[in-house]
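> fold the stuff below for me.
(2 chains)
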There are 2 protein chains.
Amino acid sequence: MQDSASPDNWLDIVRWNSDGLVPAIAQDAETGEILMMAWMNRESLKLTAEEGQAVYWSRSRGKLWRKGETSGHQQVVRDLRLDCDEDVILLKVEQKGGIACHTGRRSCFYRALEDGQWVPVEPVLKNPDSIYGNQ
Amino acid sequence: MQDSASPDNWLDIVRWNSDGLVPAIAQDAETGEILMMAWMNRESLKLTAEEGQAVYWSRSRGKLWRKGETSGHQQVVRDLRLDCDEDVILLKVEQKGGIACHTGRRSCFYRALEDGQWVPVEPVLKNPDSIYGNQ
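Below is the predicted model:
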């Protein structure tokens, strides 16, 4: 039973790992394509729900990461899901610009195992230098 | 460049975490539905590629977990993908029995956030007791 007096109860249900994080999978809400997986802490998940746009926790930078803050490739959240073990989040999103990956590809999962090698099988849609304003 | 003299080189490219694990997302190869997320160690990923069926590492049981070994709900792997950071695996699978979740649902991501509560939105297709032979 949920306690209606505690509006953040849904955040307490999530089983954060020892670093206070859970994996969050972003899936294109229309095509079903898996775009990326990143991590969320409690604050980023709360902000994601409040703002309706994906906010992750950057482990490398040690700070909140509003997806698209530099690239413009925001993820508008259409559906937020929790798995049976309460330790993985699924976001169904509208991917702005059609590009989730920092390499300029639609999805981060662009390498397929073929004959014992990881082979890029998805095209680069935009030069990363132009995405991140380095040229 | 890959070293063709080292057949397991593709396993060396994966960036295992401090526990020797990476997250592995299972997606229905036909419908695009995300079925579950579990963990793999080096041996389980190698076996997954060799056997063509998903083999995970059970963190709770501390041993290899051949998906479907009890339930019969194996996952036949159609495509193995690696993400841009080399620390997440994506499996596109044929889900035997049409059920991935131990609750008897198709997908483990059956709870949606609605009005600040996690609400089950996917039907139970089969009683878990009958899946696991407890009745």
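
> could you identify the longest helix within chain A?
Using DSSP state H to assign secondary structure, the helix with the most residues in chain A is helix A:42-51.

> show me what that helix is packed against.
Using 3 or more CB pairs under 8 Å, 6 or more residues apart in numbering or on different chains; DSSP states H and E as the contact test, the elements touching helix A:42-51 are helix A:9-13, strand A:55-58, strand A:63-66, strand A:75-82. To be clear about C-beta, it is placed using only N, CA and C from the backbone, and glycine gets the same treatment.

> list the buried residues in it.
Within helix A:42-51, the residues that qualify as buried are A:R42, A:S44, A:L45, A:L47, A:T48, counting by 16 or more other CB atoms under 10 Å in any protein chain shown.

> for chain A, what lies in contact range of chain B?
A:2, A:7, A:9-10, A:13, A:23, A:25, A:27, A:31-34, A:36-37, A:49, A:79-85, A:88, A:90, A:101-103, A:105, A:108-113, A:116-118 (CB under 8 Å from any CB of the partner chain).

> residues contacting A:Q74?
By CB atoms under 8 Å, 6 or more residues apart in numbering or on different chains, A:Q74 lies in contact with A:Q53, A:A54, A:R66, A:K67, A:G68, A:K96.

> ok, now with 6 Å
With contact taken as CB atoms under 6 Å, 6 or more residues apart in numbering or on different chains, A:Q74 is in contact with A:Q53, A:G68, A:K96.

> closest to chain B out of those?
Ranked by distance to chain B (CB to the nearest CB), those are led by A:Q53 at 14.5 Å.

> hang on, the earlier thing: which among the residues of chain A next to chain B end up buried?
Restricting these to buried positions leaves A:10, A:23, A:25, A:27, A:33-34, A:36-37, A:80-84, A:88, A:90, A:101-103, A:105, A:108-113, A:118, with burial counted as 16+ other CB under 10 Å.

> next step: the residues you listed restricted to strands.
Using DSSP state E to define strands, the subset of those located there is A:23, A:25, A:27, A:34, A:36-37, A:80-82, A:90, A:111-113, A:118.

> need those residues in CSV (columns: pLDDT).
Supplementary listing: these in CSV, determined by pLDDT from 0 to 100:
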residue, pLDDT
A:P23, 98
A:I25, 98
A:Q27, 98
A:I34, 98
A:M36, 98
A:M37, 98
A:L80, 98
A:R81, 98
A:L82, 98
A:L90, 98
A:R111, 98
A:A112, 98
A:L113, 98
A:W118, 97
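
> ok, residues contacting stretch A:84-98?
Taking contacts as CB under 6 Å, 6+ apart, the residues outside stretch A:84-98 that touch it are A:13-15, A:22-29, A:35, A:54, A:73-79, A:81, B:34, B:37, B:101, B:103, B:108-109.

> low pLDDT regions in chain A?
A:1-6, A:134-135 (pLDDT under 70).

> tell me the residue of it that sits nearest chain B?
Among the residues of chain A, A:G32 lies closest to chain B, at 2.6 Å counting by CB to the nearest CB.
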